[in-house]
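J.: predicted structure and sequence below. I'll ask about it afterward.
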Amino acid sequence: EVQLQESGPGLVKPSQSLSLTCSVTGYSITSNYWGWIRKFPGNKMEWMGYISYSGSTSYNPSLKSRISITRDTSKNQFFLQLNSVTTEDTATYYCARGGSYRWFAYWGQGTLVTVSS
Amino acid sequence: DVQMTQSLSYLAASPGESVSISCKASKSISNYLAWYQQKPGEAYKLLIYSGSTLQSGTPSRFSGSGSGTDFTLTIRSLEPEDFGLYYCQQYYEKPHTFGAGTKLELK
């Protein structure tokens, strides 16, 4: 069974970087696509981007140059880094399998990240 | 970006009833549409993809219809476990945008 689990700090200061890890079990991240999605307070959801089986990436233009998704295939993990965060980046962050012209078939439970000084 | 509009943010119904949740795209997305269910404390669950194809494990009381710009998720004979938050998502064009969600609550 494919399982994903997000981890990382729950509190980040404004202007700093948000870094999250998604640990995957039951499936190799060298296959398929692996994405990040976030849900803001009030339930609005945003597709952030993904990393592919080959390591290529695609990002939401709204995040411009602030976002980076990388991976460690030896640990079967992929990562989200979001730079220069503001309070508007406060959200629950989810990792999921899918993302490139495909649906998200499997999701993590999500991790709440609050941006506050 | 393709805007996805779920016209109902809230829907109240009773077990045994049937409900429909609509989702409208700002441009044609063919059938590149997925429906998800979220319940508190649980991971998002993919219900339907390609507009009408049930994901493995999705009960047959769920069905999806539509193509182009207008889509509907129908749940026949609601069960207590069906109450939660429902989202549509288009994956026709990047960024793959989501609707605002429809909360299905027990009447």
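T.: Sure thing, it's come through.
J.: the residue nearest the centre of chain B bridge partners, please.
T.: Most central in chain B under C-alpha atoms, centre = their mean is B:Trp35, positioned 3.9 Å from the mean C-alpha point. Taking DSSP bridges as the rule, B:Trp35 bridges to B:Ile48, B:Cys88.
J.: which stretches of chain B form strands?
T.: B:4-5, B:10-13, B:19-25, B:33-38, B:45-49, B:53-54, B:62-67, B:70-75, B:84-90, B:102-106 (DSSP state E).
J.: whoops, I mixed them up, chain A
T.: For chain A, the strands defined by DSSP E cover A:3-7, A:11-12, A:18-25, A:33-39, A:45-52, A:57-59, A:67-72, A:77-82, A:91-97, A:106-107, A:111-115.
J.: nearest to B:Thr5, out of the ones you listed?
T.: strand A:45-52 (13.5 Å; C-beta to C-beta). No exception for glycine: its C-beta is placed from N, CA and C like everyone else's.
J.: around chain B, pick out the residues from chain A.
T.: Near chain B, the residues belonging to chain A are A:4, A:37, A:43-47, A:58, A:60-62, A:94, A:96, A:99, A:101-110 when assessed by C-beta under 8 Å from any C-beta of the partner chain.
J.: now with 7 Å, please.
T.: When proximity is defined as C-beta under 7 Å from any C-beta of the partner chain, chain A approaches chain B at A:43-45, A:47, A:58, A:60-61, A:94, A:101-105, A:107-109.
J.: may I see the PyMOL selection of the buried members of these?
T.: Buried residues within the residues of chain A next to chain B, by 16 or more other C-beta atoms under 10 Å in any protein chain shown, are selected in PyMOL with:
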select buried, chain A and resi 43+45+47+58+60+94+102+103+104+105+107+108
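J.: and the furthest pair within the residues of chain A next to chain B?
T.: Maximum distance among these (C-beta to C-beta): 27.8 Å, for A:Pro61 and A:Gln109.
J.: for residue 29, grab the count of nearby residues.
T.: No chain was given, so I picked chain A. By other C-beta atoms under 10 Å in any protein chain shown, 23 other residues sit near A:Ile29.
J.: wrong one, I was asking about chain B
T.: The local packing of B:Ile29 (other C-beta under 10 Å) involves 22 other residues.
J.: for the closest residue to it other than its chain neighbours, give me the pLDDT.
T.: In this structure, B:Ile29 finds its nearest non-sequential neighbour in B:Tyr92, 3.8 Å apart by C-beta to C-beta, 6 or more residues apart in numbering or on different chains. B:Tyr92 is assigned 96 on the pLDDT scale.
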